[in-house]
Structure formats: C-alpha cells, structure tokens
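>>> I would like to see how this sequence folds:
(one chain, ligands or ions: 1)
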Amino acid sequence: MKKKKILLVGSGAREHAIACAIVRSPQQPELLVFASSINPGIKDLASEMHVGDITDKEAVANWGKDTQADLAIVGPEAPLETAVADALWEVGIPVVGPKQELAQLETSKAFTRDLLTNYGVGGSPKYKCFDSMDGVEAFLQELGELYVIKANGLMGGKGVKVAGDHLHSHSEALEYCQELVDVGAEFVIEEKMIGVEFSLISMCGGKTLMHFPAVQDHKRAYEGDKGPNTGGMGSYSDADHSLPFLSADDVNAAREFNEKVAAALIEKTGQPYKGVLYGGFMATAKGVMIVEYNARFGDPECLNLLTLLESDFVEILEAVVADALDGIEAACQPFASVCKYAVPEGYPDKPLKGFNLDMSGVQGVSTYLGAVDVKDGKLVGTGSRTIAVVALGSDIKSAEAQAESQILKLKGPLFHRKDIGTEELLDQRIQTMATIRGN
Ligand code: GLY
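Just a heads-up that it's a prediction; the model follows:
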C-alpha cells in the first residue's frame, strides 16, 4: 500500500518533536519537511527536506504539490500569518494549521479580545483597543498601576509590555504607545491580572477538540523567574495531566474556554478552525482568565505533550482536518514530564554562536534539537535555544531529577534553569496560588 506523505513546515525543536511524533505513527508515513534551515534531528527522520522561505506561501504550496503531500502541519506562527495554510488548501492539501483569517487569534490581540467579548466566551480583563493616542491616558488612569500594553502583529514576544516589569510609570507607558502609533501599529491596553500562568493546548477540527494535559512554561532566562524574557526555558506537566497549583475545575474551565473559542470562530468567520489551539491562561482569585491565544503548539510545551502522546499522531492530524476528533482514541501516557532547554551563554541578548556541541553522553531522555547546524560533521550551536531534554516519571520530582542529570551531560558553552520542576519551585507556585485564593 502507498505510504502517506505528511508535510511538516518548520525546523525548530518544536518541529523536531512533531517530526518524531509523525514518524512513530504505526502507519509508517513518509515525512516531507519544508524548513528554514537544516535541523539534523529532523533531517534524520525525513524522506525529503527542502530549505526555503517558510513564509512564502506559493513556494510551500508548490513544493507540497510537487512532492505529492497528502496532509500538512504548520509548526510556527509566521507562515500562518502569511496564509501558507490557505495556499496549501488551494492546491488540495489538507492542513493542520489555521487559515490566515483564523490565525488572527494569535496575530491580532484586538481580534481575540473582541471575539472573546462579543461571542460570549468571557475570561477577559478590562481592555480597550487603540490605533491613536485618543483616550490612552484616561484609560491608563482608570487602570492605575495594573496595566499591560499589547501590540498587534507577531513581535517575537517583544510586543507585550507589562507594568512593573517593562514599564515603570505612566509616562513610560505613554511613550511606548506613542512609538506604536508612530509606526501605525494597533494595540490593546488591558488590566494586569494577578495569578499563576499555565497553558492548555487542544487539537481542534472546528467543532471537535482533543485536549492535551495542562503544562507550565518558564519565560524568564534565569532561576527564580529573573532576567529577560525568552522563548521559554522549560516546562513541566503532572502525571494526572493537571498542575499542582490547579484544581480540576481550573483545568475544566480552560478546556471549556478552548471549546467556546472554537465555536466563536465558526460563528464569527463562518469557517472551522483546523489546527492547534493554544490557550495561555492565568489562575486568579476570580477563577481562570485568558491571557492570550496562539495558533500553533507552544515551544517548549509541545515537547512535553508530544513525548507524552501515546496515540497515533497521524490519525489525530487526519481527524483534525476531517473534524472527527470525537471518533478517535487520543491518549497521553499517565506520567509527569519535565522539559529543560540548554541555551548558549549570553542568551537571549548576546548569545554565543558557532560553538561546538557534544550530546553523546545523554541517555534515557528524549532530546530535541533547536538552533543547531552541522559543520564538518560536527554539531554546532547557532545562537538560540539549542537542545531540549524531556524526561518522563511517575511524578514531577523524578522526571526533574532525570532531566537535570542528563542535561548536565551536554558539552558546550550552554546554561539551563536548574529550578524548573524542582520541589522548591512547585511549592512556591502552590503557596502563591493559595495566597491568591485566600486559603
Ligand atoms: N511557550 C511560549 C510560546 O510558544 O509562545
């Protein structure tokens, strides 16, 4: 029988985890990859790999057609913004990854807050959308010291500025808003919520969804949640598929939000959202609130989730495009998971580049390659999140011990956060949440 050909767009560690999940399908599909660079981990798994501009919708769609792909999955957000999913559907290739209009869920903060408000989803703090300075000062005064300013568009994590973290006075806030107005950017100002963040990611076919376990990412570069923001330094999930600081009601609330957002998108656009629905939530004194939505797998969260996934990922992808997720077995192993990223010295502001890496001593964990290349047969770090290690265990403590023992075996000018998944950090999260809930 002819093997199915699955096209993967993208080539970071998230896409390495997606590639691993595709090739371990019992259907033994062929993996085709349209990449922005050669990731040696993905190359080893692919039957064909093409390097090009992953945001060039015609180039991706034509390559998919030439290679006779049966199904595609888009890893990162940038190609979703440039309508790569639309172009693939147009040449007859079904895609896991929303069309451009639906990807506004990630690319436009105003689109999402208005969707949540106007279609009865809820979960939003007080907010207002702006494209000029009219009313900005008055709204900041109404919010006092609790505000967040979010620029529309994909800004690589740099478009969100939080009072107390990035902005220390209303005059700094006004200056940032003026900068956005000067470049013609729209932005949202919203009330800053107080609580603990977590991610709840679902596969979504339009009307049917499959929910993954809740995960917590760590955005700051240094231990104790200090230092500059990064793409994410690591993440963990618990064996019961919740997190130690969440109640069962919190997890259910997050799942319900994802379900309501999928329904709201159909109502607003008339089109089903087919892709990964990544809810960024905050557990607060008022219950679970929505921080943001993303239109693809979180990185690093994807590495935990797809390592845990025991069902056939290709069957899940097919059920997404057919909107038949309710008809398939979709299960994750009953283990806790801890993911830690090794990043170059100096990351994220002045990362080392072009250094040698040796991962030959690492054993008994899953490893995913990110910003790496091969030069003269040797593995070389190229300057961003380099290698992720994911360990599973009966509890977070044992998974953390295994991840930590193995990441220490990587050789190269790298660092990682030792605190991710430790008992001390978990206790802090539990205490913070207990204080917030008034217990
Ligand atoms: N986990 C952060 C992100 O993927 O945007």
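
>>> next one: Met1 from Gln27, what distance?
Computed as CB to CB, to the nearest Å, the Met1 to Gln27 distance reads 10 Å. The way it works is simple: take the backbone N, C-alpha and C, and place the C-beta from them, glycine included.

>>> more crowded one of these two?
Of the pair Met1 and Gln27, Gln27 is the one with more neighbours under other CB atoms under 10 Å, namely 14 against 4.

>>> for my notes, confirm that one occurs in a strand.
No. Under DSSP: H, G, I helix; E, B strand; the rest coil, Gln27 falls outside any strand and is assigned coil.

>>> residues contacting it?
By CB atoms under 8 Å, 6 or more residues apart in numbering, Gln27 lies in contact with Lys3, Lys4, Asp312, Val314, Glu315.

>>> now do Val121
Leu115, Phe257, Lys260, Val261, Ala264, Ile290.

>>> adding secondary structure and pLDDT, write the residues you listed out as CSV.
Shown next, in CSV, are the contacts of Val121 (DSSP: H, G, I helix; E, B strand; the rest coil; pLDDT from 0 to 100):
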residue, secondary structure, pLDDT
Leu115, helix, 98
Phe257, helix, 98
Lys260, helix, 98
Val261, helix, 98
Ala264, helix, 98
Ile290, strand, 98
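
>>> let's have those in TSV, adding neighbour count and distance to the ligand.
Converted to TSV, the contacts of Val121 look like this (neighbours: other CB atoms under 10 Å; distance: CB to the nearest ligand atom, whole Å):
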residue	neighbour count	distance to the ligand
Leu115	22	19
Phe257	23	17
Lys260	17	21
Val261	24	17
Ala264	19	22
Ile290	22	15
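
>>> okay, Phe34: pLDDT?
pLDDT recorded at Phe34 is 98.

>>> with Glu329 instead?
82.

>>> quick one on the thing from earlier: from the contacts of Gln27, which land in helices?
Val314, Glu315 (DSSP state H).

>>> show me just the buried residues among the contacts of Gln27.
Buried subset of the contacts of Gln27 (neighbour count, 16 or more other CB atoms under 10 Å): Lys4, Asp312, Val314, Glu315.

>>> just checking, the first one touches Leu32?
No. Contact status for Lys4 versus Leu32: not in contact, 10.5 Å apart, counting by CB atoms under 8 Å.

>>> close to the ligand: what parts of the chain are there?
Asp217, Gly232, Asn294, Gly298, Asp299, Glu301 (CB under 6 Å from any ligand atom).

>>> could you redo the last one with a cut-off of 8 Å?
Selection of the chain residues close to the ligand by CB under 8 Å from any ligand atom yields 14, 157, 199, 217, 219, 231-232, 235, 278, 280, 294, 296-302.

>>> in strands only, show me those residues.
Secondary structure assignment (DSSP state E) places Ser199, Asp217, Ser235, Tyr278, Gly280, Asn294 from these within strands.

>>> per-residue pLDDT of the second one, please?
Going back to what we said before, that points to Asp217. According to the model, Asp217 scores 98 on pLDDT.

>>> let the chain start at 30 from now.
In the new count, where the first residue is 30, that last one comes out as Asp246.

>>> so what's it bridging to?
Asp246 forms beta bridges with Ser264, as assigned by DSSP bridges.

>>> relative to Pro329, how far out is it?
6 Å.

>>> list residues touching both of these two?
Shared contacts of Asp246 and Pro329, counting by CB under 8 Å, 6+ apart, come down to Gly261, Gly263, Ser264.

>>> the stretch 330-468 of the chain: strands as residue ranges?
365-373, 384-385, 395-398, 401-404, 407-410, 416-422, 443-444 (DSSP state E, counting those that start in this stretch).

>>> ranking the ones you listed by burial, who's on top?
Mean neighbour count (mean count of other CB atoms under 10 Å) peaks for strand 365-373 among the strands of the stretch 330-468 of the chain, with a mean of 28.

>>> any chance you could map the helices in the stretch 30-179 of the chain?
42-52, 69-72, 86-95, 107-110, 113-119, 133-136, 138-147, 165-172 (DSSP state H, counting those that start in this stretch).

>>> quick one: average confidence on the fourth one?
If you average the pLDDT over helix 107-110, you get 97.

>>> so which other helices or strands are in contact with it?
helix 133-136 (3 or more CB pairs under 8 Å, 6 or more residues apart in numbering; DSSP states H and E).

>>> quick revisit: what is the nearest of the contacts of Gln56 to the ligand?
Within the contacts of Gln56, proximity to the ligand (CB to the nearest ligand atom) peaks at Val343, which comes in at 23.0 Å.

>>> per-residue confidence at that closest one?
pLDDT, Val343: 98.

>>> pLDDT value on the closest residue in space to it that isn't next to it in sequence, please?
By the measure of CB to CB, 6 or more residues apart in numbering, the closest residue to Val343 outside its immediate chain neighbours is Ser54, 3.9 Å from it. For Ser54, the pLDDT comes out at 98.

>>> burial count for whichever residue of the stretch 30-179 of the chain sits closest to the ligand?
Of all residues in the stretch 30-179 of the chain, Arg43 sits closest to the ligand, at 7.7 Å by CB to the nearest ligand atom. By other CB under 10 Å, the residues close to Arg43 number 26.

>>> quick revisit: can you convert the strands of the stretch 330-468 of the chain into JSON lines and add a column each for mean pLDDT?
Shown next, in JSON lines, are the strands of the stretch 330-468 of the chain (pLDDT from 0 to 100):
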{"stretch": "strand 365-373", "mean pLDDT": "98"}
{"stretch": "strand 384-385", "mean pLDDT": "96"}
{"stretch": "strand 395-398", "mean pLDDT": "98"}
{"stretch": "strand 401-404", "mean pLDDT": "93"}
{"stretch": "strand 407-410", "mean pLDDT": "94"}
{"stretch": "strand 416-422", "mean pLDDT": "98"}
{"stretch": "strand 443-444", "mean pLDDT": "98"}
